[in-house]
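# quick one, structure for this:
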Amino acid sequence: ADGEGAVILNKIVSATFSVPMDATTITAATFTIKLGATPVSGFVSYSGSTAFFAPASNLAPNTEYTATITTGAENLAGIALATDYVWDFTTGIEASDGPPEVSMTDPTDVELCVAIDKQITVTFSEAMDAATITTANFTIMKMHGATFVSGTVSYVGVTATFIPQSDLEPSSTYIATITTGVKDAAGTPMADNHVWIFETITPYTVSLSALPLAGGVVSGAGTFNSCDTVTVTAVPNAGYEFVNWTEAGVEVATTAIYEFELAGNTTLVANFAILSYDITLSVNPLPGGSVTGGGNYEFGESVTVEAIPNIGYSFTNWTAAGVEVSTNAAYTFTISEDLALVANFTLNSYNVVLAPDPLLGGSTSGGGSYDHGSSVTIEAVPEIGYSFVNWTENGNEITVDSSYTFIITMDTTLVANFAVDGYIVTLES
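Predicted coordinates for the structure are as follows:
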């Protein structure tokens, strides 16, 4: 055929016509073989509707030749070919001195995990006689049961291919054989049968689970073939981190994406750990109060922190990074991250209200607004004709000093009490 390769060196080249031809026109002049521009010596014959060219000696190895049927060839009605018919072919390698050998097989001897749709190939040490590469000399047999595999055999170059009629059976061992019935281009048979074995793939199951179930999701489970490379992936849910993959309790990987070669049914567990977060509490200002509820908590826990103001302070709010998060002294939330909370307190201020009694009795000073703990001094000044009596709060005497100093801790209302001065009138006669 045009473009054919690995043609045996003693090949008889033939050309078949569409109709019977006039044998007298099929000659060495109309049927030629050339190496470049050099004609090959040979003998031309014709039978039926096929012309044959038998080279006088073996063709050269690894060489391209050109065959031509010229327009000098005519059919029985005397009608010539419309144009020259030309085709090329290339010879194979030169036959070795010894018998041919198998130089390579696919699959190789004792190979495992062979695909069930595999085409089995054999590469020879030299060009072979294609006519001897048949299903009789190239066989595949299932070891258990000694059952031969049906198929077809082809030969191209120095390679023979066995194509099974249907898929091979999984988990099975096969014996391949090239017999001494195969021959090289020179007709020399192999010295011994070439036998090798191989084993087909076995389907296995990969099962995955997450522990705890809420910890994350896993992917990559399914049915695969032996020797397949399998990739499984673990993705933690919010609040969890991936720890490892284990099989039967034994750690097999610490990476969330785990790749391995499958050698059997495999059950893997993706282990996750719940995250924990720190709650850090502080007060502002430091004397303003105290806080409770700080510490380490697991993701999703309900946390309650509480701010307790010291005497003289009031709780204002809770802030995180300067942003108000609650105005409740007891603040409850669900934890999902590390959090630094500040309890803000405000120093109390109090009013000092002063009143004279009677109103015309005198004046007072020192009233107003003061921060908790401040020192307050109030003073009562009687009007002419009046005398200061005392300071009272809610009718209770506080002091008889007109100038009174005290530490304020609450709103305070004080009354400065005055009395009309009395005089003695003495009469003389």
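# give me the contacts around stretch 104-115.
Residues outside stretch 104-115 that contact it (Cβ atoms under 8 Å, 6 or more residues apart in numbering): 118, 120-123, 168, 176, 194, 196-202, 225-228. In short, each C-beta sits where N, CA and C put it, glycine included.
# repeat the analysis, applying 7 Å as the threshold.
Residues outside stretch 104-115 that contact it (Cβ atoms under 7 Å, 6 or more residues apart in numbering): 118, 120-123, 196-201, 225-227.
# strands - which of the residues you listed land there?
Ile120, Thr121, Val122, Thr123, Trp196, Ile197, Phe198, Glu199, Thr200, Asn225 (DSSP state E).
# with adjacent residues omitted, what lies nearest to Ala263?
Excluding the flanking residues, the one nearest Ala263 by Cβ to Cβ, 6 or more residues apart in numbering is Ser226, at 6.6 Å.
# list the contacts of the one you found.
Cys113, Ile201, Thr202, Tyr204, Leu262, Ala263.
# farthest-apart pair in the ones in strands among the contacts of stretch 104-115, please.
Thr123 and Asn225 (25.8 Å; Cβ to Cβ).
# look at these two and report which has more neighbours.
Asn225 (16 against 13; other Cβ atoms under 10 Å).
# I would like the residues contacting the helix or strand containing Thr177, please.
Assigned by DSSP states H and E, Thr177 falls within strand 173-178. The contact list for strand 173-178, computed with Cβ under 7 Å, 6+ apart, reads 102, 120, 122, 137-144, 168, 190, 193-199.
# tell me where the model's unsure across the stretch 1-150 of the chain.
When residues are selected by pLDDT under 70, those of the stretch 1-150 of the chain lie in 93-97.
# which residue ranges form the strands in it?
Per DSSP state E, counting those that start in this stretch, the stretch 1-150 of the chain carries strands over the ranges 4-7, 13-16, 31-35, 38-39, 42-47, 50-55, 64-69, 85-91, 102-106, 111-114, 120-124, 138-142, 147-148.
# can I get those in a markdown table with distance to Ile335?
As requested, the strands of the stretch 1-150 of the chain are exported to a markdown table (distance: least, Cβ to Cβ, whole Å):
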| stretch | distance to Ile335 |
| --- | --- |
| strand 4-7 | 75 |
| strand 13-16 | 89 |
| strand 31-35 | 89 |
| strand 38-39 | 94 |
| strand 42-47 | 96 |
| strand 50-55 | 92 |
| strand 64-69 | 81 |
| strand 85-91 | 79 |
| strand 102-106 | 61 |
| strand 111-114 | 50 |
| strand 120-124 | 64 |
| strand 138-142 | 64 |
| strand 147-148 | 67 |
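# out of these, which comes closest to Asn344?
strand 111-114 (69.4 Å).
# how about the closest one as CSV, C-alpha atoms only?
Extracted as CSV, the C-alpha positions of strand 111-114 are listed here (Å, rounded to 0.1, in the frame of the first residue of the first chain):
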residue,chain,number,x,y,z
GLU,A,111,2.9,-5.7,35.4
LEU,A,112,-0.1,-4.9,37.6
CYS,A,113,-3.1,-2.7,37.2
VAL,A,114,-3.4,-3.2,33.5
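# list the neighbouring strands of it plus their orientation.
strand 194-200 (parallel) (DSSP bridges).
# got the buried residues for the partner strand?
His194, Trp196, Phe198, Glu199, Thr200 (16 or more other Cβ atoms under 10 Å).
# got TSV for the residues you listed, with pLDDT too?
Listed next are the buried residues of strand 194-200 as TSV, based on pLDDT from 0 to 100:
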residue	pLDDT
His194	97
Trp196	97
Phe198	96
Glu199	95
Thr200	95
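# farthest pair within the residues you listed?
Checking the buried residues of strand 194-200 with Cβ to Cβ, the most distant pair is His194 and Thr200, at 20.3 Å.
# just checking, Gly92 touches Asn10?
No - using Cβ atoms under 7 Å, Gly92 is not in contact with Asn10, being 11.0 Å away.
# mind listing the shared neighbours of those two?
Shared contacts of Gly92 and Asn10, counting by Cβ under 7 Å, 6+ apart, come down to Ala185.
# those two: who's more crowded?
Using other Cβ under 10 Å as the criterion, Gly92 and Asn10 rank with Gly92 on top: 24 against 16.
# make JSON lines out of the buried residues of strand 194-200 and add distance to Pro287.
Putting the buried residues of strand 194-200 into JSON lines (distance: Cβ to Cβ, whole Å) gives the following:
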{"residue": "His194", "distance to Pro287": "97"}
{"residue": "Trp196", "distance to Pro287": "91"}
{"residue": "Phe198", "distance to Pro287": "86"}
{"residue": "Glu199", "distance to Pro287": "82"}
{"residue": "Thr200", "distance to Pro287": "83"}
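# can you tell me what sits against stretch 419-429?
For stretch 419-429, contacts defined as Cβ under 7 Å, 6+ apart pick out Gly385, Tyr386, Ser387, Val389.
# closest to Thr327 among the contacts of Ser226?
Distances from Thr327 to those, taken by Cβ to Cβ, are shortest for Leu262, at 60.1 Å.
# surely that closest one meets Val230?
Yes - shown here, Leu262 and Val230 form a contact pair, counting by Cβ under 7 Å, at 5.2 Å.
# common neighbours of the two, please.
Phe224.
# where does the stretch 251-400 of the chain dip in pLDDT?
Residues of the stretch 251-400 of the chain that meet the cut-off, pLDDT under 70, do not exist.
# picking up where we left off before, please indicate which of the contacts of Ser226 are buried?
Cys113, Ile201, Thr202, Tyr204, Leu262.
# and the two most separated of those?
Cys113 and Tyr204 (10.8 Å).
# so how far is stretch 157-177 from its chain's centroid?
Centroid displacement of stretch 157-177 relative to its chain, using Cα atoms, centre = their mean, to the nearest Å, is 36 Å.
# actually, stretch 400-410.
Using Cα atoms, centre = their mean, the offset of stretch 400-410 from its chain centre is 77 Å.
# fine, thanks again, bye for now.
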